[in-house]
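S.K.: Coordinates only, no sequence provided:
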């Protein structure tokens, strides 16, 4: 009986897994963001798409999907909804008919001021000092980059077998 007890003490618990820490933090983050996004009338993927277009307007669907880590097939219906809402415009690229360019409308640009006012909500909810927040954000981006690189290496290694 003591062996079983000792073994269970040494087993990793859910809270010990980095993947669960990231997953559950994402859920908690979403709960904080939810009222903000509801006020804006946007989903989180729509919100980050608009932010991406504020940074660089007139991007291809492919380019947006790569920056947002979303499949183009996921982007298309979302962009259609944003277009219906009046925030973006989609047009075929005159130089490459296969590409669709996405640009902000005046209404999409005006949303920026309203949306940026809410940025402090999540920073404050984190309970972190501004410098701690920046350090953590950089560490998470580094983790994401490393995981993406590792997944590409695993895929490449799998192809050789």
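M.R.: Yep, it's here. Just so we're clear, the structure is a prediction, and the values are computed from it rather than from any experiment.

S.K.: so how far is the one helix or strand residue 46 maps to from its chain's centroid?
M.R.: Using DSSP states H and E, residue 46 maps to helix 44-55. In terms of CA atoms, centre = their mean, to the nearest Å, the centre of helix 44-55 is found 9 Å from the chain centre.

S.K.: for that helix, packing partners?
M.R.: The criterion is 3 or more CB pairs under 8 Å, 6 or more residues apart in numbering; DSSP states H and E, and the helices and strands that helix 44-55 contacts are helix 18-40, helix 61-68, helix 72-85, strand 88-92, strand 100-104, helix 106-116. Quick note: C-beta positions are derived from backbone N, CA and C, even for glycine.

S.K.: Which helix in this structure has the most residues?
M.R.: helix 130-160 (DSSP state H).

S.K.: what comes up buried for that helix?
M.R.: Buried residues in helix 130-160, counted by 16 or more other CB atoms under 10 Å: none are found.

S.K.: any idea of the angle it forms with helix 18-40?
M.R.: Note on geometry: by axes from the mean of the first three to the mean of the last three CA atoms, to 10 degrees, helix 130-160 and helix 18-40 are set 120 degrees apart in direction.

S.K.: How far away from the center of its chain is helix 130-160?
M.R.: Taking the mean of its C-alpha atoms, helix 130-160 sits 14 Å from the chain's own mean (CA atoms, centre = their mean).

S.K.: And stretch 125-144, by the same measure?
M.R.: Counting by CA atoms, centre = their mean, stretch 125-144 comes out at 15 Å from the chain centroid.

S.K.: which residues touch it?
M.R.: For stretch 125-144, the surrounding residues in contact (CB atoms under 8 Å, 6 or more residues apart in numbering) are 22, 32, 123.

S.K.: I'd like the mean pLDDT over that stretch, please.
M.R.: Taken as a whole, stretch 125-144 carries a mean pLDDT of 94.

S.K.: Equivalent analysis for stretch 60-71, please.
M.R.: Model confidence over stretch 60-71, given as mean pLDDT, is 94.

S.K.: which residues touch the residue positioned nearest the centre of the chain?
M.R.: Using CA atoms, centre = their mean, the residue of the chain that lies closest to the mean C-alpha position is residue 68, 5.9 Å off. With contacts taken as CB under 8 Å, 6+ apart, residue 68 has the following neighbours: 45, 48-49, 52, 75.
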